[in-house]
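> Following is a predicted model, sequence given first.
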Amino acid sequence: MLQNVFKNIPAAAYVALVYLFIYLPVGVLVLFSFQDALLPIPPFQGPSLRWYEAVLTDFRIMDALWNSLVVAVISSALSCILGFLAAFGLARYTVRGAGVVQWLLVAPLSVSYLIIGMGLLITFKTMGIPKSLLAVIIGHTVINLPLAFAIIYSQMGEHQANLERAARDLGAAEWQVLVLITLPLLWPALMASFFLSFTLSWDEFIIALLVSRFEVTLPVEIWSLLRSGLNPKTNAVGSLVFIVSIILVFVTEFVLFGRRKSR
């Protein structure tokens, strides 16, 4: 027994070092967001909530926060709707070249956001679409749609198709099958797609920077603050973004995996 414990020590130490490497920068960020001094440098002076108060009373940051929420909600909803329609069509109907269509839908997952952002910038310029929140919403829908499609399509199994066929045999109309059978069965996948898309949109910076001008999202506003140097105010904003992202990840895990465990 004691020998097994000693054998597990190197593995436990390695895992601890990996987590330390990942979360130490975040921990430092959160710690110095409570710094009472003007600069987020040692020695730590605090704790104090003065910088959180400064963030919550800064109209530019609050406007950027609101813009991020609007962009994340709308782009995530659009991604889920379009992803569901694409997944339903490919899973329930015979489509010529379905494999190619699937590949084209998920291909953007392997493309750099910088490349996508530059392509969107050129496309919007050609189409006469100005830099705005609308452009950011379109851009975030483009990058989130493949993820939503992949999640929803992976959950559309044959057992669901059998239930849909049974409902049609019992006289249900197509819209009743969709609303009463398909959507309830896919609800965890839809919610997971929405929250993951929301998280990615909430944190996304490159596309938002390239296709926005005056109405910016919160990551772009944080970047603007960092250009003037480090201060606990930027740490407080970053901590709030991190907290929201963590909450969304836990909600997604609870919705998607919690229901699986309860079955």
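Arrived safely, thanks for sending. Owing to the predicted nature of the structure, the values given are computational and were not obtained by experimental measurement.
> does I247 count as helix, strand or coil?
When states are read from DSSP: H, G, I helix; E, B strand; the rest coil, the local structure at I247 comes out as helix.
> gap between it and L163?
According to C-beta to C-beta, to the nearest Å, I247 and L163 sit 33 Å apart. C-betas here are computed from N, CA, C, even on glycine.
> what do you get for F32?
The span separating F32 from L163 equals 54 Å under the rule C-beta to C-beta.
> do the same with A98
In this structure, A98 and L163 are separated by 22 Å, where distance is defined by C-beta to C-beta.
> Following element in sequence after the helix or strand F194 falls within, please.
F194 is located in helix 183-203, with elements delineated by DSSP states H and E. Sequence order places helix 206-211 as the next helix or strand after helix 183-203, per DSSP H and E.
> roughly how far is that following helix from the heart of the chain?
How far helix 206-211 lies from its chain's middle: 16 Å, per C-alpha atoms, centre = their mean, to the nearest Å.
> What average pLDDT does that helix get?
Here the mean pLDDT over helix 206-211 is 92, rounded to a whole number.
> Was I right to think L120 contacts V142?
Yes. Judged on C-beta atoms under 8 Å, L120 makes contact with V142 at a distance of 6.8 Å.
> Pull out the buried residues from the helix holding F194.
The neighbour-count check on helix 183-203 (16 or more other C-beta atoms under 10 Å) flags 185-186, 188-203 as buried.
> got the angle between the helix or strand of the chain at the bottom of the mean pLDDT ranking and helix 183-203?
Scoring the helices and strands of the chain by mean pLDDT, DSSP states H and E places helix 232-262 at the bottom, with a mean of 73. On the basis of axes from the mean of the first three to the mean of the last three C-alpha atoms, to 10 degrees, helix 232-262 is oriented at 160 degrees to helix 183-203.
> In helix 232-262, which residues are buried?
Neighbour counts over helix 232-262 (16+ other C-beta under 10 Å) mark 232-241, 244, 248, 251-252, 255-256 as buried.
> and what of stretch 63-83?
In terms of neighbour count (16+ other C-beta under 10 Å), stretch 63-83 has its buried residues at 64-65, 67-69, 71-76, 78-80, 82-83.
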